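> here are the coordinates; sequence isn't available:
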C-alpha cells in the first residue's frame, strides 16, 4: 500500500491503461486514413455533385477525371514521407543529446506538466479530422477533393511524426517498463479503426460518424498524456518508486531482466557516472557525442525495426487491399471481405503479436535469431504479390487469411520486441534518446516501404 492508502497495483493498472491509450492515439490518424481507402476511392470516382455514404460498397457514378487520382497509390507516400521528415526534426530538436536536455527530462526536472509540441500536434490532428468530416457532405470535384485530402494527410502525419516520437520518448524515460503496452496500444489503434469501419459498412452509416470518432479519441489521448506526466511528477509516485529501477527515470540503473543480464547492465550503468574528481573532459566529450553513442548501442534494434516496417509497408495496404474473394457470388461477403480479411485480420494479429511481448520475449536482444527472424519476413512480399496477381494461386479465402495472419503477427511481435529492447541497452538518462531514435527508425521503415510499394504497383501496371 502507498502512503495514501491506495494499492500500488491500482496505480500500476492506471499507468498501463494510460500508456495503452497513448499508443492508440499516436497511430489512430494513420490507421483511420488507411482503412477508409474504400470511401476515398468512391469519392474520387464520384461526380462533382455527388457525395457517397461512406462505407457502402456500392460504386458511385464515375466521371471523367475521377480515375486519375489513385488514393491507394499516393496515400502511403503522402503519409509516410512527412512522418519521416518530422520524426527526423523531432529527433534533432533537442539542443544536445544529454538526457537532461531532452523534452521529457526537462519536464521531470522543472515539474512542467505538458510539452507544447504534443499539445499542438493533437490539436492540429483534431482540426484536420474535423475538416475531413465536414467534407463528407460537401459536394466538390474529384480534383479538389484529392488535393484537400492529400494536404490533410500530409499535415496529420507531420503532427503524428512529432507525436509518436515525443510520446515514445516520454514513456521510455519515465515509465520504461510500460513500453510494450505502448506498442500494444499502437496495434490496438488499427483494430479499433477497422472495427469502426466494419460497423459503418454493415450499418451503412454516414462517413461523418467515422471521421468524428478519431477527434474524440484524440481528446481522450491528450487528457491521458497530461495525467501521465502528473503521475510522473507526483510525490506519491516517487515515494513508492524510489527503489524501483524501472519507474524512476532519475536513476541510472537497469530494468529487471534475466539473471546475469540485469547485474551486468546495472554494473555498466553505475560505471557511467563520473566519479568525484574524475576526468571531466572525457565526460563532456561523451555527452557531446551522446546521440551517436546511443545509436551505436541500439543500432541492431533500430535496423531490425526499420526492416520490419519496410517489408510490411511494401505490400500493406496497397497490394493486400486489392485482393478479392474467390466467392464473388456472395454479395454480402464480397462487401466486407477487404475490411475483414485485410484490415481486421491484420490489426488483430498485429495486436496479438505486440501483446505477447509482455509475456514472452524471445529471441533475446543478444541473440542472432532476432535479425534472422526479421530478414525472413521478406518472403511475404512475393507471396502476397502472387495472391493478388495470380488469382488461381488463391484457391480459397482461408489461404489469404492465413498468410495475412502470419504476416501481421510477425510484424507486431518483432517490432514491439525491438522497441522494448532498445531502452534496456542504454543508461537511464539516455532512454528518451533511444525512444526518439527508435521512432525515427520506424518512420524510416514506413517511408522506405511506401516507396517500395509505389514501385511494385507501377511495375504491376495497376492503378
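Alright, I've got the coordinates. Small disclaimer: the values here were computed from a predicted structure and weren't measured.

> Show me what counts as buried in stretch 316-327.
By neighbour count on 16 or more other C-beta atoms under 10 Å, the buried set for stretch 316-327 is 316-326. Placement of C-beta: from N, CA and C, glycine included.

> Between those, which sits nearest residue 349?
Proximity to residue 349 was ranked across the buried residues of stretch 316-327 by C-beta to C-beta; first place goes to residue 316, at 11.9 Å.

> The closest one contacts residue 346, doesn't it?
Yes. In this structure, residue 316 is within contact of residue 346 by C-beta atoms under 8 Å, at 6.5 Å.

> shared neighbours, those two?
Common contacts of residue 316 and residue 346 (C-beta atoms under 8 Å, 6 or more residues apart in numbering): residue 407.

> dump the residue contacts of residue 341.
Taking C-beta under 8 Å, 6+ apart, one finds 323, 325, 397, 400-401, 404 in contact with residue 341.

> shaky segments in the protein?
For the chain, the stretches flagged by pLDDT under 70 are 1-8, 46-68, 90, 93-114, 233-290, 392, 394, 463.

> Where is the longest helix in it?
helix 142-174 (DSSP state H).

> Report the distance from it to the chain centre.
The chain centroid and the centroid of helix 142-174 are separated by 11 Å under C-alpha atoms, centre = their mean, to the nearest Å.

> Could you do stretch 301-309 as well?
On the basis of C-alpha atoms, centre = their mean, stretch 301-309 sits 13 Å off its chain's mean C-alpha point.

> what's next to it, contact-wise?
295, 365, 370-371, 374-375, 377, 411, 414-415, 418-419, 421-422, 425, 437-438, 440-442, 444-446, 448-449.

> Buried ones among the residues you listed?
Neighbour-count burial (16+ other C-beta under 10 Å) applied to those gives 295, 365, 370-371, 374, 377, 411, 414-415, 418-419, 421-422, 425, 437-438, 440-442, 444-446, 448-449.

> Among those residues, which ones are in helices?
295, 370-371, 374, 411, 414-415, 418-419, 421, 437-438, 440-442, 444-446, 448-449.

> what helix or strand does residue 317 sit in?
Per DSSP states H and E, residue 317 falls between elements, in no helix or strand.

> Kindly provide the distance from it to residue 426.
From residue 317 across to residue 426, the span is 34 Å (C-beta to C-beta, to the nearest Å).

> can you check residue 390 too?
Here residue 390 is placed at a distance of 46 Å from residue 426 (C-beta to C-beta).

> So which of these two has more stuff around it?
When neighbours are counted by other C-beta atoms under 10 Å, residue 390 and residue 426 differ, and residue 426 comes out ahead with 29 against 9.

> Assess the claim that the more buried one and residue 295 are in contact.
No. Between residue 426 and residue 295 there is no contact under C-beta under 8 Å: 9.8 Å.

> hang on, the earlier thing: moving C-terminal of the longest helix of the chain, what's the next helix or strand?
Note on helix 142-174: by DSSP H and E, the next helix or strand toward the C-terminus is helix 179-203.

> Could you count how many residues lie near residue 383?
14.

> tell me which element it is part of?
helix 380-389.

> that older thread, would you mark the buried spots in the longest helix of the chain?
By 16+ other C-beta under 10 Å, the buried positions in helix 142-174 come out as 142, 145-146, 149-150, 152-174.

> by how many degrees do that helix and helix 179-203 diverge?
Angle of helix 142-174 versus helix 179-203, following axes from the mean of the first three to the mean of the last three C-alpha atoms, to 10 degrees, is 150 degrees.

> Output the contacting helices and strands for helix 142-174.
For helix 142-174, the elements it packs on are helix 8-35, helix 37-44, helix 71-92, helix 103-110, helix 116-135, helix 179-203, helix 207-233, helix 431-460, judged by 3 or more C-beta pairs under 8 Å, 6 or more residues apart in numbering; DSSP states H and E.

> Now do the longest one: which elements does it pack against?
In this case it means helix 431-460. Checking 3+ C-beta pairs under 8 Å, 6+ apart, helix 431-460 ends up next to helix 71-92, helix 103-110, helix 142-174, helix 290-315, helix 380-389, helix 397-421.

> ok, 6 Å please
helix 71-92, helix 142-174, helix 290-315 (3 or more C-beta pairs under 6 Å, 6 or more residues apart in numbering; DSSP states H and E).

> In a markdown table, list the ones you listed along with distance to residue 456.
Shown next, in a markdown table, are these (distance: least, C-beta to C-beta, whole Å):
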| stretch | distance to residue 456 |
| --- | --- |
| helix 71-92 | 10 |
| helix 142-174 | 20 |
| helix 290-315 | 7 |
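
> quick one, which of those helices is nearest to residue 461?
Of all these, helix 71-92 comes closest under C-beta to C-beta, at 12.0 Å.

> buried ones in the closest one?
71-87, 90-91.

> before we move on, what about stretch 124-131?
124-126, 128-129.

> same question, stretch 292-302
Going by neighbour count (16+ other C-beta under 10 Å), the buried part of stretch 292-302 is 293-295, 297-298, 300-302.

> How about stretch 173-186?
173-186.

> ok, back up a step: between the helices and strands packed on helix 431-460, which gets nearest to residue 10?
Taking C-beta to C-beta, helix 142-174 is the member of the helices and strands packed on helix 431-460 nearest to residue 10, at 18.4 Å.

> now the angle from that closest one to helix 71-92?
For helix 142-174 against helix 71-92, the angle by the same axes, to 10 degrees is 40 degrees.

> relative to helix 207-233, how tilted is helix 142-174?
20 degrees.

> which ones are touching residue 315?
Counting by C-beta atoms under 6 Å, 6 or more residues apart in numbering, residue 315 makes contact with 381, 384.

> actually residue 446, not the one I wrote
Taking C-beta under 6 Å, 6+ apart as the definition, contacts of residue 446 comprise 80, 309, 313.
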